[in-house]
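Novice: Kindly generate the corresponding structure for this input.
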Amino acid sequence: MQDPQDPDIKSRLLDAALLHVPFDGWTQDSFDSAVADTGTDPALATALCPRGAVDLAVAYHRRGDAEMRARLAAEDLSDLRFRDRIARAVQIRLALCDDKEVVRRGMTLFALPQHAGTGADLIWGTADAIWTALGDSSDDINWYTKRMTLGAVYSATVLYWLGDDSPGHAATWAFLDRRIDNVMQFEKAKAGFNKSPLGKALSGPLSALSRVRPPAGRDDLPGRHHDTQYKHDG
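Specialist: Numbering: from 1, shown residues only. Okay, here's the model as predicted:
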């Protein structure tokens with residue numbers, strides 16, 4: 001009898017589904033095939049994955065994030081500039097995707113209106129995993145803006161990577177470098193604006209943003225303003 005508490009059941013379902021996703025997508029057909037291939041009780045499989053293949057697609061993405069964190073922890077990035085550490089993290093994350101078609105099918109799935117929120121949450125999670133692994137210590141509104149900015153860079157890079165057939169994905173890494181340079185230029189411009197007369201004049205009205213804090217002990221989007229928690233969908 002299968003133990004519903006066995007964490008390997010979902011992992012085995014995912015591994016089995018990955019053989020079918022390139023052909024059938026993250027669909028009920030892929031899920032049913034994975035259930036049959038692993039000999040999992042269909043009722044147990046549904047209990048573990050109420051949304052079927054959607055939950056397996058989420059598990060696939062989060063597995064990649066976990067593997068990325070492990071690889072980053074094992075690498076010595078001390079000689080790299082910080083912007084190059086970010087680029088390296090994105091490179092590692094994409095290198096963990098063995099089959100572009102699996103990723104392409106996932107992009108299609110999470111582009112659907114009913115799954116867009118889940119897709120946005122996954123991108124946020126990847127950006128958060130990168131910043132956390134690189135030692136981000138921000139404790140204000142920058143905690144959010146860093147993740148939003150990196151999430152946008154990561155999403156754009158994934159789309160470019162899916163269509164890139166250059167040797168070693170050299171074109172993708174050049175595209176990523178340009179996007180990171182754009183972000184660095186924006187941060188430089190923002191710092192200059194804050195020191196300008198207009199920036200100083202607006203510092204009072206915008207001071208409320210300094211009281212925004214990242215979530216305490218959580219890995220989702222809701223933040224904290226003083227001692228009050230505000231939740232909103234990611």
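Novice: switch to C-alpha atoms for all contacts and neighbour counts from now on
Specialist: Noted.
Novice: Could you pull out the strands in this protein for me?
Specialist: 212-213, 223-225, 228-230 (DSSP state E).
Novice: Least confident secondary structure element in this structure?
Specialist: Ranked by mean pLDDT, DSSP states H and E, the weakest helix or strand in the chain is strand 228-230, scoring a mean of 34.
Novice: give the contact list for the nearest residue to residue 48 once chain neighbours are set aside.
Specialist: Excluding its sequence neighbours, the residue lying closest to residue 48 (C-alpha to C-alpha, 6 or more residues apart in numbering) is residue 10, at 7.0 Å. For residue 10, the contact set (C-alpha atoms under 8 Å, 6 or more residues apart in numbering) comprises 45, 48-49, 56.
Novice: residue ranges with poor pLDDT in the chain?
Specialist: By pLDDT under 70, the low-scoring segments of the chain are 1-7, 186-213, 216-234.
Novice: need the helices for it, in chain order.
Specialist: 8-17, 21-24, 28-38, 42-48, 53-74, 82-95, 100-111, 116-133, 141-162, 170-195, 197-202 (DSSP state H).
Novice: Any idea which of the ones you listed gets closest to residue 215?
Specialist: Each of the helices of the chain has some distance to residue 215 by C-alpha to C-alpha; the shortest is helix 141-162, at 9.5 Å.
Novice: Determine how far the closest one lies from the middle of the whole chain.
Specialist: 8 Å (C-alpha atoms, centre = their mean, to the nearest Å).
Novice: which parts of that helix are buried?
Specialist: Under the neighbour-count criterion of 16 or more other C-alpha atoms under 10 Å, helix 141-162 has 141-144, 146-148, 150-151, 153-154, 157-158, 160-162 buried.
Novice: Please determine how far residue 167 is located from residue 173.
Specialist: 11 Å (C-alpha to C-alpha, to the nearest Å).
Novice: Show me which of those two is the more surrounded one.
Specialist: Remark: of residue 167 and residue 173, residue 173 carries more neighbours, 18 against 8, as counted by other C-alpha atoms under 10 Å.
Novice: List the contacts of that one.
Specialist: Residue 173 touches 87, 91, counting by C-alpha under 8 Å, 6+ apart.
Novice: Okay, it and residue 51: tell me how far apart.
Specialist: For residue 173, the distance to residue 51 - C-alpha to C-alpha - is 35 Å.
Novice: what does residue 80 give?
Specialist: Taking C-alpha to C-alpha, one finds residue 80 at 42 Å from residue 51.
Novice: Now render the helices of the chain as a markdown table, adding distance to residue 214.
Specialist: Below are these laid out as a markdown table (distance: least, C-alpha to C-alpha, whole Å):
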| stretch | distance to residue 214 |
| --- | --- |
| helix 8-17 | 31 |
| helix 21-24 | 36 |
| helix 28-38 | 36 |
| helix 42-48 | 30 |
| helix 53-74 | 20 |
| helix 82-95 | 20 |
| helix 100-111 | 26 |
| helix 116-133 | 11 |
| helix 141-162 | 6 |
| helix 170-195 | 20 |
| helix 197-202 | 23 |
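Novice: ok, the spatially most central residue of the chain - contacts?
Specialist: Nearest to the geometric centre of the chain sits residue 126, at 2.3 Å (C-alpha atoms, centre = their mean). Applying C-alpha under 8 Å, 6+ apart to residue 126 gives the contacts 65, 151.
Novice: What does residue 96 show for phi and psi?
Specialist: phi -80, psi -10 (degrees, to the nearest 10).
Novice: All set, thanks.
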